[in-house]
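In: Task: produce atomic coordinates for the following.
(4 chains)
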Protein chains: 2
Amino acid sequence: MKRSQEQVNVEEIDLKSFDIFNGLTDAEIESLSQSLVCTSHKRGSVIYDEGSRINGSYIVAGGVLKIYKTGFDGKEQIIRFAKGGDLIGFRSIVSDELACTTARVIQDAILCYVPGDIITSFIKGNPEFAMALMRLTCRELGESNKFLTDIAQKTVRERLAEVLLLLMDTFDLDEEHTLKISLTREELANMVGTATESVIRLLSEFKADHLIELNGRKIKLLNIPKLIKIGNVYV
Amino acid sequence: MKRSQEQVNVEEIDLKSFDIFNGLTDAEIESLSQSLVCTSHKRGSVIYDEGSRINGSYIVAGGVLKIYKTGFDGKEQIIRFAKGGDLIGFRSIVSDELACTTARVIQDAILCYVPGDIITSFIKGNPEFAMALMRLTCRELGESNKFLTDIAQKTVRERLAEVLLLLMDTFDLDEEHTLKISLTREELANMVGTATESVIRLLSEFKADHLIELNGRKIKLLNIPKLIKIGNVYV
DNA sequence: CGGCCATTTGACGCCAGTCAACACCGGTGG
DNA sequence: CCACCGGTGTTGACTGGCGTCAAATGGCCG
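Out: Have a look, this model is predicted:
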């Protein structure tokens, strides 16, 4: 049986390459790397669960996770994705609340556990870091509010186009204009906030209109300006 | 002609009564009150506008404001309300972005302007304050994500019930079980994320079911447990 | 091969958005 | 004093976007 979690050598991880740790002193980086425990996780494993108590945070060293909330009828709403360099779970540490989202691996990932004490001590001891973390949170809040407005006001069609563009921004396209992220139709639906069948139907439409090309879970963006227009996305 | 903005004596405002300033030292409170300029604003006045650059923040000393985003078709989506003790606009200061929301007075308000420099210097100089502000932001982010999920998954009926309960939590009921906040039907719709007519129709239904009583903009909550049930609200 | 899950397509129905008409009210000006 | 007006609230009729249910297909894996 495959183990879903395996220890990884910390030495292999270059902490300084993560933007969020930019403001830390060498001494702090050193102390951080001392307390880190890095592990690898297979697709599907849950890192933390909505409603559970979190005592630490994770820095994503590789792979991709989805961060989602579960609605009262069990349907997932994807809030955002986390990829290399992202810090996840610190919201609960700071606000001293139970986790309000679930984090699940969707591309095999390497995660480094950062004890909550370390986070708070850095916040209190290093204004630079505090400011960086706060900037991050405020940006995220801005994103969340924007998304809220979109879901409340736009049609599913508009939102799907927007989500495709968002995925492009977050995960890039390869040399063939294909999204580098692979999601199930259901995951797409859980981003857009609609039913799986609706996503499938609209993707077919987009394909028929030569806006995209489909090959299993691979989505190739053919006409980005048109997608921007459909999604009413202003940059 | 009525002036929509008038200077108010700073001495009358007790800064220490605002939770957010709890962590500040007496010296910091002193320096803060030196730089404060407090003004009164009538219903309808805009404090800052989506897309504008903000150089400072406001502490609400009294009254109520709505914080909203404007969708691409001009429709407002109310993100939250601000009342006495709330600090508004600091998100843009911290994240160094343009304002992503508009703040408009809906109950005559007294606002004290806090220059951005003061905010950032407090964040950098006072870990306690930094932590408090971050806690606030993180809680708000949690709220926003929850609301996002609700709008994506719940029906308008459920959301309206939820919004009524939210208003109760935020603004309390008077001795007659009536919401202490007065909103137009359109503002209610812009909270719920629906059309004005839908809100009116559903309020009538709630009234017919003896869940609420209506008297102009006054809404009296008659059966809170049932509203909780309708809104699928778990505490 | 059998079973499970993801994907797709079709049919159906309803929630809720839109349009239109009208009542109501306070304010304004002739 | 009354007529007019703009903003707000209410109700009815209509329709279409999209959610739900059901069934067929195909791929993957034990």
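In: Run the contact check for stretch A:134-142 versus chain B.
Out: Yes: residues of stretch A:134-142 contacting chain B under CB under 8 Å from any CB of the partner chain: A:M134, A:R135, A:T137, A:C138, A:R139, A:E140, A:L141, A:G142. Yep, even glycine has a C-beta here, placed from its N, CA and C like the rest.
In: Now do that stretch: everything it contacts.
Out: A:20, A:80, A:87, A:91, A:94, B:91-92, B:94-97, B:100, B:123, B:130, B:133-134, B:137-138, B:140-141, B:144 (CB atoms under 8 Å, 6 or more residues apart in numbering or on different chains).
In: Buried ones from those residues, can you make that a PyMOL selection?
Out: Selection of buried members from the contacts of stretch A:134-142 for PyMOL, criterion 16 or more other CB atoms under 10 Å in any protein chain shown:
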select buried, (chain A and resi 20+80+87+91+94) or (chain B and resi 91+92+94+95+100+123+130+133+134+137+138+140+141+144)
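In: re the thing from before, in strands, which of the residues of stretch A:134-142 next to chain B fall?
Out: Secondary structure from DSSP state E places none of the residues of stretch A:134-142 next to chain B in strands.
In: Look up how far B:L133 lies from the residue nearest the centre of chain A.
Out: Note on chain A: the residue nearest the mean C-alpha position is A:F81, at 1.3 Å, using CA atoms, centre = their mean. Going from A:F81 to B:L133 by CB to CB, to the nearest Å gives 26 Å.
In: re the thing from before, quick check on the residue nearest to the centre of chain A: phi, psi?
Out: Summarising the backbone geometry of A:F81 under the convention degrees, to the nearest 10, its torsions are phi -110, psi 160.
In: Could I get the contacting residues of it?
Out: Contacts for A:F81 were tallied using CB under 8 Å, 6+ apart; they are A:V64, A:L65, A:K66, A:I67, A:I106, A:T170, A:F171, A:I181.
In: Chain neighbours aside, what residue packs nearest to the last one?
Out: Computed as CB to CB, 6 or more residues apart in numbering or on different chains, the closest residue to A:I181 that is not its neighbour in sequence is A:F171, at 4.0 Å.
In: residues contacting that neighbour?
Out: If you count contacts by CB under 8 Å, 6+ apart, A:F171 has them with A:V64, A:F81, A:K83, A:L179, A:K180, A:I181.
In: Return the subset of the residues you listed lying in strands.
Out: Counting by DSSP E, the part of the contacts of A:F171 found in strands is A:V64, A:F81, A:K83.
In: If we only consider the residues you listed, which is nearest to B:R201?
Out: Taking CB to CB as the measure, B:R201 lies nearest A:F81 of the ones in strands among the contacts of A:F171, at 38.2 Å.
In: For A:D108, give its distance to A:A61.
Out: Distance of A:D108 to A:A61, given as CB to CB: 12 Å.
In: same thing with A:E140?
Out: In this structure, A:E140 and A:A61 are 20 Å apart, going by CB to CB.
In: just A:L173 next, same as before
Out: A:L173 sits 23 Å away from A:A61, going by CB to CB.
In: repeat for A:S182
Out: Applying CB to CB to A:S182 and A:A61 gives a distance of 20 Å.
In: ok now the biggest helix by length in chain A, how far from the chain's centre?
Out: Looking only at chain A and at elements set by DSSP state H, the helix with the highest residue count is helix A:127-153. The offset between the C-alpha centroid of helix A:127-153 and the centroid of the whole chain comes to 13 Å, using CA atoms, centre = their mean, to the nearest Å.
In: Could I get the buried residue list for the next helix or strand along the chain from that helix?
Out: Using DSSP states H and E, the helix or strand that follows helix A:127-153 towards the C-terminus is helix A:156-171. Judged by neighbour count using 16+ other CB under 10 Å, the buried positions of helix A:156-171 are A:156-168, A:171.
In: Ok, stretch A:172-184 next?
Out: Going by neighbour count (16+ other CB under 10 Å), the buried part of stretch A:172-184 is A:T178, A:L179, A:I181, A:L183.
In: mind listing the strands for chain A?
Out: Under DSSP E, chain A gives strands at A:5-8, A:37-41, A:46-48, A:56-70, A:76-83, A:87-88, A:102-115, A:212-215, A:218-221.
In: which one of those strands lies closest to B:I224?
Out: The minimum distance between B:I224 and these falls on strand A:56-70, with 24.7 Å, by CB to CB.
In: is that closest one up against chain B anywhere?
Out: Yes: contact check for strand A:56-70 against chain B, using CB under 8 Å from any CB: residues in range are A:K69.
In: Is that strand in proximity to DNA strand D?
Out: No: judged by CB under 7 Å from any atom of the strand, strand A:56-70 stays clear of DNA strand D, getting no closer than 14.9 Å.
In: Determine the set of other helices and strands touching that strand.
Out: When contacts are defined as 3 or more CB pairs under 8 Å, 6 or more residues apart in numbering or on different chains; DSSP states H and E, strand A:56-70 packs onto strand A:76-83, strand A:87-88, helix A:90-95, strand A:102-115, helix A:116-125, helix B:127-153.
In: nearest to DNA strand D, of these?
Out: Put simply, out of the helices and strands packed on strand A:56-70 the one that sits nearest DNA strand D is helix B:127-153, at 8.5 Å, with distance taken as CB to the nearest atom of the strand.
In: buried ones in that closest one?
Out: Neighbour counts over helix B:127-153 (16+ other CB under 10 Å) mark B:127, B:129-153 as buried.
In: what's in contact with the helix or strand of chain A with the lowest mean pLDDT?
Out: Ranked by mean pLDDT, DSSP states H and E, the weakest helix or strand in chain A is strand A:5-8, scoring a mean of 73. Here strand A:5-8 makes contact (CB under 8 Å, 6+ apart) with A:V37, A:C38, A:T39, A:S40, A:H41, A:K42, A:S45, A:A61, A:I110.
In: which of these are buried?
Out: Neighbour-count burial (16+ other CB under 10 Å) is assigned, among the contacts of strand A:5-8, to A:C38, A:T39, A:S40, A:H41, A:S45, A:A61, A:I110.
In: which one of these is nearest DNA strand C?
Out: The shortest separation between DNA strand C and any of these is 15.0 Å, and it belongs to A:S45 (by CB to the nearest atom of the strand).
In: Let me know the pLDDT of the closest one.
Out: Looking at A:S45, its pLDDT is 92.
In: do the same with the one 10 residues further on
Out: Predicted confidence (pLDDT) at A:N55: the value is 93.
In: same deal with A:Y234?
Out: The confidence metric pLDDT takes the value 82 at A:Y234.
In: Now it: closest residue in space, sequence neighbours ignored.
Out: B:F72 (7.2 Å).
In: do A:F122 as well
Out: Leaving aside its chain neighbours, A:F122 sits nearest to A:F129 (4.8 Å; criterion: CB to CB, 6+ apart).
In: Equivalent analysis for A:G85, please.
Out: Beyond its immediate neighbours in the sequence, the residue positioned closest to A:G85 (CB to CB, 6+ apart) is A:F18, lying 4.7 Å away.
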